[in-house]
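**Student:** Quick one, fold the following:
(chains A and B)
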Amino acid sequence: MERSTRINTKDLINIGIYLAIYFVIIFVVGMLNTIPILYPILFLIWPIVGGIPFMLFLTKAQKPGMVFIMAILIGLICFVFGYSWMAIAACSISGLLAEFFLKAGDYKKFKYIALSYSVFSFWIITFALPIWVIGDTYIAGIRQSVGDQYADGLLTYMPGWMAFAGLALLFVGGILGALLGSKMLKKHFIKAGIV
Amino acid sequence: MEVFLSTDERKKRAFRLDPRTKLLIMVMVSSVMFEYDITIFFFGLAVVPLVLLVNNQQYKLSVIYCGLFLLAVYTYTLQNAVQVNQIANALFVLLSSLVLRLFPMFMMGAYIVTSTTVSEFVASMERMHVSKVIVIPLCVMFRFLPTIREESVSIKHAMCIRDIQFGTKRFWVNPLSFLEYRIIPLITSVVKIGDELSAAALTRGLGSPVPRTSIAKIGFGLFDVVFLIITMILFIGLLF
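**Tutor:** Predicted structure coming up:
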């Protein structure tokens, strides 16, 4: 059967629903980052937990553009919350890459879906980007606003090479999250008749 | 059906702002919260959401906001003066960074969500020629945030009966199962509610290609100008 490839209103509503679930989960997990030592580990936890709603979303998002729209919206929300233009840049790039992998796998092959989700997870780097891009001013600001102890902690656990390590962690977390998500899909959602 | 962004026309408000004004104030309040200097302008910007909340008759929220903010300012003045251990410091950081930086923004968000109706929001977005692709998901998302909280609370209660909650013995045996027991039912119920909602919205013609008409009155008034000028002055004052 020929799939319709145009995004209709129902798809847009679906994007909104999954965006809400995904964002709430990311936000709740993000509460952990008040402890500096947990910061790097979060890059692993975020994509793993986010994998569950996202894999479910991908079963509905079988048209080109839907993942990209979701990424753009995440970027916009982060922008409003004060993560500057970097949020929109990071989100749109990771969204585009995710679309590319999805398309390559024709929205079906699990290998490509997992890859796509890992790449999509790269947007999470937004939360830490200011540390490396405008490094010194940002740290100075942190020092002033939340105190020396936290700033030193942040510096100890987030040196420059963490940018790449962070991306690697996100990638691994994305793969694990995709596995977890698809396992949950099979175990619960298909049984419940949602997919 | 109860819609988020309550349409309470009966509520007596001193004035009502245009959604676009609210968004602009939100952008200014949130971007300034990362400026790190605590000056008189900072306080001014923190007061703006307070005034709006009081105007919207959210008295309980405004009292909580006021108290927490003052407490956070007190913690802020203490900071770096005393060296405390890691855990206490984490608490300090939580208080001063979360409350001081984020609360004005959150309160602004709470005000926007409770004071704007969906039709007002959509109408003003259309006036600004924002694409449907952006507007519809955002509307749906804000409609769902309260639903998610409600559902989450009921699931939490249900799981308490089975001794599945944060910190019990069963939790530490298998933390991943905790995730499964809490998130999966949440997603299931929210998705089902969402399907019903989209069916309802589509039968009311959300997807129709004709241009939308709206009975929501939007437009700039005296208070929009006043609030924009005040916020703008505070914003510029804080930047320089």
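
**Student:** only C-alpha atoms for contact and neighbour calcs from this point on.
**Tutor:** Will do.

**Student:** mind listing the helices for chain B?
**Tutor:** In chain B, helices defined by DSSP state H lie at B:19-32, B:40-55, B:59-78, B:86-93, B:103-115, B:118-127, B:132-161, B:169-173, B:175-203, B:222-239, listed in chain order.

**Student:** how far away is A:S92 from chain B?
**Tutor:** A:S92 is 14 Å from chain B, where distance means CA to the nearest CA, to the nearest Å.

**Student:** contacting residues around that residue?
**Tutor:** With contact taken as CA atoms under 8 Å, 6 or more residues apart in numbering or on different chains, A:S92 is in contact with A:68, A:71-72, A:75.

**Student:** Can I get the helices of chain B in a markdown table including distance to chain A?
**Tutor:** Putting the helices of chain B into a markdown table (distance: least, CA to the nearest CA, whole Å) gives the following:
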| stretch | distance to chain A |
| --- | --- |
| helix B:19-32 | 5 |
| helix B:40-55 | 13 |
| helix B:59-78 | 8 |
| helix B:86-93 | 6 |
| helix B:103-115 | 8 |
| helix B:118-127 | 14 |
| helix B:132-161 | 4 |
| helix B:169-173 | 17 |
| helix B:175-203 | 6 |
| helix B:222-239 | 14 |
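
**Student:** If you average pLDDT over each of these, which is lowest?
**Tutor:** For those, mean pLDDT drops lowest on helix B:86-93, to a mean of 66.

**Student:** domains for chain B, by residue range?
**Tutor:** Each domain of chain B is listed here as a residue range: B:19-117+B:217-239, B:131-203, per automatic domain parsing.

**Student:** what's the span of the shortest one, first residue to last?
**Tutor:** Distance across domain B:131-203, first residue to last, is 21 Å (CA to CA, to the nearest Å).

**Student:** What of the first one?
**Tutor:** End-to-end distance for domain B:19-117+B:217-239: 25 Å, by CA to CA.

**Student:** With stretch B:166-174 instead?
**Tutor:** Taking CA to CA as the criterion, the two ends of stretch B:166-174 lie 11 Å apart.

**Student:** So which bits of that stretch are buried?
**Tutor:** When burial is assessed from 16 or more other CA atoms under 10 Å in any protein chain shown, stretch B:166-174 yields the following buried residues: B:F171.

**Student:** got a list of contacts for it?
**Tutor:** Stretch B:166-174 is contacted from outside by B:163-165, B:177-178, using CA under 8 Å, 6+ apart.

**Student:** how about stretch A:5-17: buried residues?
**Tutor:** Of the residues in stretch A:5-17, those buried under the neighbour-count criterion (16+ other CA under 10 Å) are A:9-17.

**Student:** now those residues in a markdown table, with secondary structure, distance to chain B and pLDDT?
**Tutor:** Shown next, in a markdown table, are these (DSSP: H, G, I helix; E, B strand; the rest coil; distance: CA to the nearest CA, whole Å; pLDDT from 0 to 100):
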| residue | secondary structure | distance to chain B | pLDDT |
| --- | --- | --- | --- |
| A:T9 | helix | 5 | 84 |
| A:K10 | helix | 6 | 86 |
| A:D11 | helix | 9 | 88 |
| A:L12 | helix | 6 | 89 |
| A:I13 | helix | 6 | 89 |
| A:N14 | helix | 8 | 90 |
| A:I15 | helix | 6 | 91 |
| A:G16 | helix | 4 | 91 |
| A:I17 | helix | 6 | 91 |
